[in-house]
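This is a predicted model, with the sequence first.
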Amino acid sequence: MTILIPVLGDQLSFGLSSLAGADRADSVVLMMEVADETTYVRHHKTKLAYILSAMRHHAEALRVDGWRVDYVLLDDPENGGSFTGEVARAIQRHDPERIVVTEAGEWRVAAMLDSWQTLFGLPVEIRPDSRFLCAHGEFEAWAEGRAELRMEYFYREMRKKTGLLMDGGKPAEGRWNFDKDNRKPAQADLLMPRPLSFAPDAITQEVIALVEQRFGDHPGDLDGFDYAVTVEDAERQAASFMANALPKFGDYEDAMLTGERFLWHSILSPYLNSGLLDPLDLCRKAEAEYRAGRAPLNSVEGYVRQIIGWREYMRGIYWREGPDYVDRNFFGHSRALPGWYWTGATDMHCLSQALGQTLATAHAHHIQRLMVTGNFALLIGADPKLVHLWYLEVYLDAYEWVELPNTLGMSQFGDGGLLGSKPYISSGAYINRMSDYCGHCRYDVTKRIGEDACPFNALYWDFLARHRDKIGRNPRLAMPYRNWDRQSESDQIATREQAADFLAKLDSGGTAY
Ligand code: FAD
Ligand code: DLZ
Ligand code: SF4
C-alpha cells in the first residue's frame, strides 16, 4: 500500500521528518507548483524563480536518491491551483493508504493540512519540523510564566542545549554575547568578499522564462539571476562565507555602504529557509572556524546568535502569538507605503540604496531592512500589515513565520513591545554613523528644518511627540524625551510643522521624496 508524502516548497531537505523511516518502494513524494502559493502575495520575480527552480532540482535529487516523485508543474492544464486540490488529484492517481507530511511553516498552510484527514477520509500524520532546534512545546514551556520575553535568555538556553560555543557548561571566553563589539562602520574595501555567482542552468532558464511570461507584472528583475538552487551550490556559498567573510562578520554586522549589497554577510537565509542548508550544521561549521583560530569569537558568536537565537525565537513567537498576530497595530498606524517602495525612485539616498538593491536582487541586509526601510515606514506611520506584506513580497528569504515577527514585531512595534523593548526608530544621525549614505545625499543630515533637511530628523522627533501617550514612560526612551523637553517651544513647533509638511508631500504622491 502506498504512502503519499507531500513535500512543500520550503521543505527541500533530505532529512525532512516526513521522509524519515519511509520505505522508498511504498512511498510517493508529491511536489506541487500551485497558483495559490505563487500568488498569495505578488512575490518578487527572483523569489518565484528561486523557489520553483530549487523545487525542480530537489525533485531530481530525490529521484536520484531512489524516491518516486510525482511532480506537478505550474502550467499543467489539470493543475488544481492549491495544495489541497493537488493532494486530492494525487489521491486519485495513487490511491494511498495514508498521508505523511511535515508541519507547514505558516498558519495559512497549516489550516489546509489540518483539513485533509476529514476532507479525504484518510489518516494524515503531521510530523514536527525537526529542522528547527526548538519545538513548539519547548518554546511554550520556556515562555510560560515569564513577565517579559527576551531573546537573550532564550538564546542562552539554545547554547546550552546544543553545546555550541560552550566550554564545560560556561560560554566560551566567559561571555554569552559580544554584540557591543559588533557596531563598527565599514570603509570601502576592494578586498571585500563577494558571494559566489551561479549561472542559471537549463532548469533555471526554463523557470525564468515561465516567471517572465506568467508573472511579468510582479516586482523585481530577473536579469543577472545568480542564486544557488541546489544543495551543492548552497554548500559552496556556505563554505565561501566561512572562509572569506565570517572573520569580519561581527565587526561590520551593522554597517552599510553605497553600492555594497553584501558586505560581510552570509547571504544564506534563502537556502536555510527553503531547506537546502541546515541551521545547526552551519553553526557547527562556524564554531569550527573559531576553534581552529580562523575566526574571532565576536564574529562566530554573533553569527550563531542570529541563527539559534533570533531565527528560532522569531519562529517561537510566530506560533505562540497565533494567526491574528498579523492584525496587531499598537500605534494605530494607517498610512500606505509610498509607491516608490516598488521603484526605488526617491531622492533619499539611504532609501534609494536599500530599495534599489532589494528590487534588483530580492535581498537587503538586516540593518538596511531594520534601520532604513523599516525605520522610515514606522516614522511615517505606515500600516504595519501593509509593511509586512511589502517585506513578504520583495525578499527572497521571506516566509511568514520569520518575516512577520521581524517586520510587524521587531521593526514596526505593532505588538507593543513583545519583540523589542523600544521601537527601532532613529534620526539621520544613526544612518550617518553606520554608513556612507549621507555623504551622497541631497539632504543635509545635520539639519532638522529647511528644504534640504534630512527628513528622518523631523520625523523622528515628531514620532516621539505624537506617541507620547503610548511610549512616553518607556525607560529606554527617557533620554530622547528629556532632550525633546529641553528644546524651545518654537523649535518644537517648527519640527512638527516640518514633519507635517513632509508627510503631506508624501501623501500627495510625489516621487521626489
Ligand atoms: P546574516 O547577516 O549573514 O545572518 C546570518 C543568519 O542569521 C541569516 O542567514 C538568518 O538565517 C539569521 N538571521 C539573522 N537575523 C535574523 C532575524 N532577525 N530573524 C531571523 N533570522 C535571522 N530574515 C529571514 O530569513 N526572512 C525574512 O523574511 C526576514 N525579514 C526581515 C524583515 C525585517 C523588517 C527585518 C528587520 C529583518 C528580517 N529578516 C528576515 C532578518 C534578516 O534581515 C535576514 O535574516 C538577513 O538579512 C539575511 O541575510 P544573510 O543570510 O546574509 O544574514
Ligand atoms: C513561496 C512558494 C511559492 C512561490 N511557490 C510554491 C509552490 O508553487 N509550491 C510549493 O510547494 N511551495 C511554494 N512556495 C513555498 C510555500 O508557500 C511554503 O512551502 C508554504 O508557505 C509552507 O508554509
Ligand atoms: Fe538618508 Fe537623511 Fe542620510 Fe539622506 S541625509 S542618506 S535621507 S539619513
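Arrived safely, thanks for sending. Ligands and ions are numbered 1, 2, ... in the order given.

CA only for contacts and neighbour counts going forward, please
OK.

Taking the stretch 151-300 of the chain, what residue is nearest to ligand 3?
Of all residues in the stretch 151-300 of the chain, residue 258 sits closest to ligand 3, at 9.9 Å by Cα to the nearest ligand atom.

Now that residue. Nearest residue, chain neighbours left out?
residue 437 (6.0 Å; Cα to Cα, 6 or more residues apart in numbering).

got a list of what that neighbour touches?
256, 257, 258, 349, 350, 431 (Cα atoms under 8 Å, 6 or more residues apart in numbering).

Can you say which of the residues you listed are buried?
Buried by 16 or more other Cα atoms under 10 Å: 256, 257, 258, 349, 350, 431, out of those.

Narrow the residues you listed to those in helices?
349, 350, 431 (DSSP state H).

Out of these, which comes closest to residue 197?
Lowest distance from residue 197 to those (Cα to Cα) belongs to residue 350, with 25.7 Å.

any idea how far residue 6 is from that closest one?
43 Å (Cα to Cα, to the nearest Å).

again, but for residue 67
Distance from residue 67 to residue 6, by Cα to Cα: 13 Å.

ok, now residue 334?
Taken as Cα to Cα, the span from residue 334 to residue 6 is 39 Å.

cool, and residue 170?
Distance from residue 170 to residue 6, by Cα to Cα: 42 Å.

Name the residue in those two with the higher neighbour count.
Counted by other Cα atoms under 10 Å, residue 170 and residue 6 do not tie: residue 6 has more neighbours, with 24 against 14.

Correct me if wrong, but residue 193 is in a strand.
No. The assignment for residue 193, made by DSSP: H, G, I helix; E, B strand; the rest coil, is coil rather than a strand.

Got phi/psi on it?
Per-residue torsions, residue 193: phi -70, psi 150 (degrees, to the nearest 10).

Distance from the chain centre to stretch 295-309, please.
Taking Cα atoms, centre = their mean, to the nearest Å, the mean C-alpha location of stretch 295-309 is offset from the chain mean by 18 Å.

would a markdown table of the ones in helices among the buried ones among the contacts of residue 437 with distance to residue 315 and pLDDT be doable?
Listed next are these as a markdown table, based on distance: Cα to Cα, whole Å; pLDDT from 0 to 100:
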| residue | distance to residue 315 | pLDDT |
| --- | --- | --- |
| 349 | 33 | 97 |
| 350 | 29 | 98 |
| 431 | 29 | 97 |
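
Just the closest of these to residue 45, please.
residue 350 (23.6 Å).

got the contact list for the closest one?
So residue 350 contacts 372, 431, 437, 438, 441 (Cα under 8 Å, 6+ apart).

Show me what residue of the stretch 101-250 of the chain gets nearest to ligand 1.
For the stretch 101-250 of the chain, Cα to the nearest ligand atom, closest residue to ligand 1: residue 249, 7.5 Å.

what's the neighbour count on that residue?
If we define neighbours as other Cα under 10 Å, then residue 249 has 24 of them.

That one and residue 369, how far apart?
17 Å.

again, but for residue 439
From residue 439 to residue 369 the distance is 20 Å (Cα to Cα).

ok, these two, which is more surrounded?
Legend: neighbour count by other Cα under 10 Å for residue 439 and residue 369, higher for residue 369 (21 against 13).

Grab the nearest non-local neighbour of residue 276.
residue 231 (5.0 Å).

Tally up the residues packed near the one you found, please.
20.

now do residue 136
Using other Cα under 10 Å: residue 136 sits among 16 other residues.

can you list the residues of this structure near ligand 2?
Contact residues (Cα under 6 Å from any ligand atom) of the chain with ligand 2: 8-10, 32-34, 37-38, 48, 51, 104-106, 109.

Pick the one among these closest to ligand 3.
Nearest member of the residues of the chain next to ligand 2 to ligand 3, counting by Cα to the nearest ligand atom, is residue 48, at 30.6 Å.

Now the helix or strand harbouring the closest one: buried residues?
Per DSSP states H and E: residue 48 is located in helix 45-64. Within helix 45-64, the residues scored as buried using 16+ other Cα under 10 Å are 45-59, 61-62.

Pull up the distance across stretch 380-399, start to finish.
Note: stretch 380-399 ends 25 Å apart using Cα to Cα.

Is it positioned near ligand 3?
No. Stretch 380-399 lies out of reach of ligand 3 by Cα under 6 Å from any ligand atom, never closer than 13.3 Å.

what about that stretch, near ligand 1?
Yes. Against ligand 1, stretch 380-399 shows contacts by Cα under 6 Å from any ligand atom at 397, 398, 399.

so residue 222 makes contact with residue 47?
No. If you go by Cα atoms under 8 Å, residue 222 and residue 47 don't touch, sitting 9.6 Å apart.

Can you name the residues of the stretch 151-300 of the chain sitting close to ligand 1?
265, 266, 267, 268, 269.

Format those as CSV; extra columns: secondary structure.
Output for these, formatted as CSV (three-state DSSP):
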residue, secondary structure
265, coil
266, coil
267, coil
268, coil
269, helix
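
Could you dump these into TSV with distance to residue 192 and neighbour count added?
As requested, these are exported to TSV (distance: Cα to Cα, whole Å; neighbours: other Cα atoms under 10 Å):
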residue	distance to residue 192	neighbour count
265	11	22
266	13	21
267	14	23
268	17	21
269	20	18
